[in-house]
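> Provided below are the primary sequence and the corresponding predicted coordinates.
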Amino acid sequence: MKRFIILILVLSGCSLMAPLKKSRLISLHHLIEIGKYKDAKAVADEMIENPESSQWANTWYAHGYLCQTAYRKGIQKNDPKLYELYPDQLYLAWDSYEKARALDGSQRMEKQLAPKYVLLANDFQNMGVKNFTGQNYGKSLRAFENALQIEGLPFLSIPVDTFLIYNTALAAYEDKNWIKANEYLGVLHGYQFSENSTHLLFNVKLYLGDTLFAEKVLHEGIVNYERHDTLVFLLSEFYYNASRPDEALEVLGLAINENPDNTHFYYNKGLVYQKTNQFNEAIEAYSESVKGDPDNLMIYANIATCYYNIGVAYEENTLKLNRNQEVKEERAKSKKALKSALYWLDSAISKQPENPEVISRISQLYLVMGERDKTKMLMMYNDY
């Protein structure tokens, strides 16, 4: 008889729990729906602190829903009292949803949470953009990473969002978090996302001291993006700075073979030749460049510089010669080269240059060639 009574009491106690649980949760959801977030917070906090209700999956679901709803309403109304109801409120919503899912362990809860997670990922992305715009790159990175983590949940079945990965990579890059920037840009490089993501990955590899992989990244990028100008120039500059000018010229030569109408490739080839004192070859490359880009007056200045250096070299050769005839021949060559230099400078002036760098280069050349009047005229004309 005693056992029977005890059993009834136990059963009666259990039967009272479900209505109590349901009542408290209904009350909490009602407060959220009518916008009484402060009162809802008091109820939610009490339930979380209670050893029994803190083990209910629905308690944590409601808590996450409160955090997310108040945050979204606060952002909408620009009311910090709502979006700062808790510290790190959006992250707390994410953490609460994850606790609810862990406690429930069923697909039913996942289906219930799915639309909330989608909104949460969007909220984190907006937070990431806001912080990035405000140059708070560390906070931006954290927000974007959370959005990525949510979108990666298998039960949501969201396709890979490469634009979100790109934003995450940019935040990491600006935050100088080279390890994470390397991770996300590496993923984008695998997806062949864009020339810029490959460019940034190259930079990151250099920051990390991985020059071999940096070179590999550029080679792959040049193939993936059909010898994109920027990547070709980066690789040629990389080789030149590594004292490998022949390889720099080879890269540019291959690019010219595939894109013979791209004047920028000829220009950069001319730069490499000029930097390695191969002035005749530089002039030849620049001459091809100027055909397609006749208004680029820096080309004129560079050609003039090459001719000037050739003229100086001939003049210096005379110091090594003993025979008058040989000296005359070298000086004639020098005079011819300097005359060609003046021709290209005068041609540039006739087009009325406005670029300060071009004007400075031309002025310096006129000055060293003894053309002081032209230097003064150029300076006065441009109010330089």
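In hand now; what should we look at?

> Give me the distance between the closest residue to V160 other than its chain neighbours and R323.
Counting by C-beta to C-beta, 6 or more residues apart in numbering, Y191 is the residue found nearest to V160 once chain neighbours are left out, at 7.8 Å. To be clear about C-beta, it is placed using only N, CA and C from the backbone, and glycine gets the same treatment. Going from Y191 to R323 by C-beta to C-beta, to the nearest Å gives 68 Å.

> just D229 next, same as before
D229 is 50 Å from R323, by C-beta to C-beta.

> more neighbours, those two?
The neighbour comparison of D229 against R323 (other C-beta atoms under 10 Å) goes to D229, with 15 against 8.

> and that one, what does it touch?
N262, H264, F265 (C-beta atoms under 8 Å, 6 or more residues apart in numbering).

> quick one: low-confidence parts of the stretch 1-150 of the chain?
By pLDDT under 70, the low-scoring segments of the stretch 1-150 of the chain are 1-21.

> can you rerun that using 90?
By pLDDT under 90, the low-scoring segments of the stretch 1-150 of the chain are 1-27, 105-109.

> Please, where are all the strands along it?
In the stretch 1-150 of the chain, no strands are found when defined by DSSP state E, counting those that start in this stretch.

> the helices in it, which residues?
2-33, 37-49, 57-77, 80-83, 89-104, 107-133, 137-151 (DSSP state H, counting those that start in this stretch).

> JSON lines for those helices, including distance to G253 and mean neighbour count?
Listed next are the helices of the stretch 1-150 of the chain as JSON lines, based on distance: least, C-beta to C-beta, whole Å; neighbours: other C-beta atoms under 10 Å:
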{"stretch": "helix 2-33", "distance to G253": "68", "mean neighbour count": "12"}
{"stretch": "helix 37-49", "distance to G253": "67", "mean neighbour count": "17"}
{"stretch": "helix 57-77", "distance to G253": "55", "mean neighbour count": "21"}
{"stretch": "helix 80-83", "distance to G253": "58", "mean neighbour count": "16"}
{"stretch": "helix 89-104", "distance to G253": "54", "mean neighbour count": "20"}
{"stretch": "helix 107-133", "distance to G253": "40", "mean neighbour count": "17"}
{"stretch": "helix 137-151", "distance to G253": "40", "mean neighbour count": "21"}
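
> how about these in a markdown table, adding distance to L235?
Formatted as a markdown table, those follow (distance: least, C-beta to C-beta, whole Å):
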| stretch | distance to L235 |
| --- | --- |
| helix 2-33 | 57 |
| helix 37-49 | 56 |
| helix 57-77 | 45 |
| helix 80-83 | 47 |
| helix 89-104 | 42 |
| helix 107-133 | 29 |
| helix 137-151 | 28 |
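
> V327 is nearest to which of those?
Of all the helices of the stretch 1-150 of the chain, helix 137-151 sits nearest to V327, with 64.7 Å by C-beta to C-beta.

> that older thread, who wins for proximity to N355 among the helices of the stretch 1-150 of the chain?
helix 107-133 (32.2 Å).

> Which one of the contacts of D229 is nearest to A147?
Using C-beta to C-beta, the contacts of D229 come closest to A147 at H264, 38.0 Å.

> Tell me the pLDDT of the closest one.
Here, the pLDDT recorded for H264 equals 94.

> for the one 3 residues further on, same thing?
Confidence at Y267, expressed as pLDDT, is 96.

> The closest residue to D95 other than its chain neighbours: what's it in contact with?
Of all residues not flanking D95 in the chain, G64 sits nearest, at 7.7 Å (C-beta to C-beta, 6+ apart). Listed by C-beta under 8 Å, 6+ apart, the contact partners of G64 are L92, A93, W94, D95, S96, Y97, A100, K116.

> Extract the C-alpha trace of stretch 204-221 and format it as CSV.
The C-alpha coordinates for stretch 204-221 follow below in CSV (Å, rounded to 0.1, in the frame of the first residue of the first chain):
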residue,chain,number,x,y,z
VAL,A,204,50.6,37.3,-47.1
LYS,A,205,53.0,34.6,-48.2
LEU,A,206,55.7,37.2,-48.3
TYR,A,207,54.8,38.5,-44.8
LEU,A,208,55.0,35.0,-43.6
GLY,A,209,58.4,34.6,-45.2
ASP,A,210,57.2,31.8,-47.6
THR,A,211,58.8,33.1,-50.8
LEU,A,212,58.6,29.7,-52.6
PHE,A,213,54.8,29.5,-52.1
ALA,A,214,54.4,33.2,-53.0
GLU,A,215,56.1,32.6,-56.3
LYS,A,216,53.9,29.5,-56.8
VAL,A,217,50.7,31.5,-56.1
LEU,A,218,51.5,34.0,-58.8
HIS,A,219,52.3,31.4,-61.4
GLU,A,220,49.0,29.7,-60.7
GLY,A,221,47.2,33.1,-60.7
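
> Distance-wise, check L319 relative to E330.
Going from L319 to E330 by C-beta to C-beta gives 10 Å.

> Between the two, point out the one with more neighbours.
The neighbour count for L319 versus E330, taken as other C-beta under 10 Å, is higher for E330 (19 against 8).

> Does that one lie in a helix or a strand, and which?
Of the helices and strands defined by DSSP states H and E, E330 is found in helix 324-350.

> after that helix comes which helix or strand?
Helix 324-350 is succeeded, C-terminally, by helix 356-368 (DSSP H and E).

> for that following helix, packing partners?
helix 297-317, helix 324-350, helix 372-381 (3 or more C-beta pairs under 8 Å, 6 or more residues apart in numbering; DSSP states H and E).

> Distance to G186 for those - can I get that in TSV?
Formatted as TSV, those follow (distance: least, C-beta to C-beta, whole Å):
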stretch	distance to G186
helix 297-317	36
helix 324-350	45
helix 372-381	50
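
> could I get these as JSON lines with distance to F124 and mean pLDDT?
Converted to JSON lines, the helices and strands packed on helix 356-368 look like this (distance: least, C-beta to C-beta, whole Å; pLDDT from 0 to 100):
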{"stretch": "helix 297-317", "distance to F124": "46", "mean pLDDT": "94"}
{"stretch": "helix 324-350", "distance to F124": "54", "mean pLDDT": "90"}
{"stretch": "helix 372-381", "distance to F124": "56", "mean pLDDT": "73"}
